[in-house]
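Student: fold the stuff below for me.
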Amino acid sequence: MTAHRPFGTVLTAMVTPMHEGGALDLEAAQALARFLVSRGSDGLVLSGTTGEAPTTHAPEKADLLHAVREAVGPDVTVLTGAGSNDTAHAVRMAEQGEEAGADGILALTPYYSKPTQAGVVAHFRAILGATGLPAMLYDIPGRTALAISDESYDELAAHPRVVAVKDATGNVSQAKERMARTGLAWYSGDDPLTLDFLRAGAVGVVSVSSHVVSREIAAMIAAHDAGDADEADRIHASLLPVHAAMFTGPGATNAKSAVHHLGVIGSRAMRLPLLPNNPAEHDALVAALAVAEVAA
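Tutor: Numbers count the residues shown, from 1 in each chain. Model prediction:
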């Protein structure tokens, strides 16, 4: 990885495969990780929201990370989530992720509690102080009910372990200003807006759609990097039906359904409160992927 792209270019926010009874399927996780890397993902994010982190537990997160690292080797960047509105819990996630071999931490804004911005900064500082790993801040106010302010970004950007941001605010113009001001590496956290974020200065994407179109997303970014705006636009337009299909309902549910359809994992099992797609939802997703010519 480079300073310009500290965690790579196409990072898949990977689902966590499970057996029908709800236990983690580590062999399927390894197969999925290898599949994603073979298709163009140069990084994986484990134990994020798409990975059902709120309903997996500490030993499981460590087991998952060990299994994926064994599957993809040392050259693929693996981040692990540290997302909780209990700061002490988020700190333990970061510590355990480092012990299990993560390359970096995805540090989520604390959700639901809605602390002050001083509390947000203190929360992140506690996570950053718990390990020696570089961190990507995750700003997703639509889920957390709390955005990171300009002042908080400015303060956190001065921390030596804050190197990147996953931006799921949907505000590209705001992101452009923040990139210029902080110097942090920016990653789109919203698949349909990835090309817009790239044109504003972002360096990559943390993607859900990349479960099925990693190669195409990587090709779009390569076209953008090469200055081929027409080709980047063409690929972007071709991906819009995939994004629409993947985000009709929970991304975790649809991504798991999609890779099950492709034969990569053996089950669509989820943990409550998430449910697998019902037959009609699954068939609609499969039909949408077929129209977009997504195939294994």
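Student: from here on, just use CA atoms for contacts and neighbour counts.
Tutor: Fine.
Student: who are the contact partners of Val292?
Tutor: For the record, residue 292 is Ala, not Val. Contacts of Ala292 were listed using C-alpha atoms under 8 Å, 6 or more residues apart in numbering, and they are Ser238, Leu239, Pro241, Val242.
Student: ok, now Glu52?
Tutor: Contact partners of Glu52, counting by C-alpha under 8 Å, 6+ apart, are Val15, Thr16, Ala252, Arg271.
Student: cool, Glu20 as well?
Tutor: For Glu20, counting by C-alpha under 8 Å, 6+ apart, the contacting residues are Ser267, Arg268, Ala269.
Student: tell me the secondary structure at it.
Tutor: coil (DSSP: H, G, I helix; E, B strand; the rest coil).
Student: can you tell me how far it is from Gly249?
Tutor: Counting by C-alpha to C-alpha, to the nearest Å, the gap from Glu20 to Gly249 is 21 Å.
Student: then Ser41?
Tutor: Between Ser41 and Gly249 the distance is 23 Å, computed by C-alpha to C-alpha.
Student: more neighbours, these two?
Tutor: A direct count of neighbours by other C-alpha atoms under 10 Å for Ser41 and Gly249 places Ser41 higher, at 27 against 12.
Student: what ranges do the strands span in the stretch 101-250 of the chain?
Tutor: For the stretch 101-250 of the chain, the strands defined by DSSP state E, counting those that start in this stretch occupy 104-108, 135-139, 162-167, 185-188, 204-207.
Student: quick one, the helix or strand where His89 lies and strand 104-108 angle?
Tutor: Counting by DSSP states H and E, the element that carries His89 is helix 87-99. Helix 87-99 runs at 160 degrees relative to strand 104-108, counting by axes from the mean of the first three to the mean of the last three C-alpha atoms, to 10 degrees.
Student: CA-only coordinates of helix 87-99 in PDB, if you can.
Tutor: The C-alpha trace of helix 87-99 is given here as PDB (Å, rounded to 0.1, in the frame of the first residue of the first chain):
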ATOM      1  CA  THR A  87     -16.000   3.300  24.100                       C
ATOM      2  CA  ALA A  88     -14.500   0.600  26.300                       C
ATOM      3  CA  HIS A  89     -16.000  -2.000  24.000                       C
ATOM      4  CA  ALA A  90     -14.700  -0.300  20.900                       C
ATOM      5  CA  VAL A  91     -11.300  -0.200  22.500                       C
ATOM      6  CA  ARG A  92     -11.400  -3.900  23.200                       C
ATOM      7  CA  MET A  93     -12.400  -4.600  19.500                       C
ATOM      8  CA  ALA A  94      -9.400  -2.600  18.300                       C
ATOM      9  CA  GLU A  95      -7.000  -4.400  20.700                       C
ATOM     10  CA  GLN A  96      -8.300  -7.800  19.800                       C
ATOM     11  CA  GLY A  97      -8.100  -6.900  16.100                       C
ATOM     12  CA  GLU A  98      -4.500  -6.000  16.400                       C
ATOM     13  CA  GLU A  99      -3.700  -9.200  18.300                       C
END
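Student: ok, what's across the strand from the nearest residue to Ala94 once chain neighbours are set aside?
Tutor: Of all residues beyond its chain neighbours, the one nearest Ala94 is Ala82 (5.6 Å), with distances taken as C-alpha to C-alpha, 6 or more residues apart in numbering. Beta-bridge pairing of Ala82, defined through DSSP bridges, involves Ala107.
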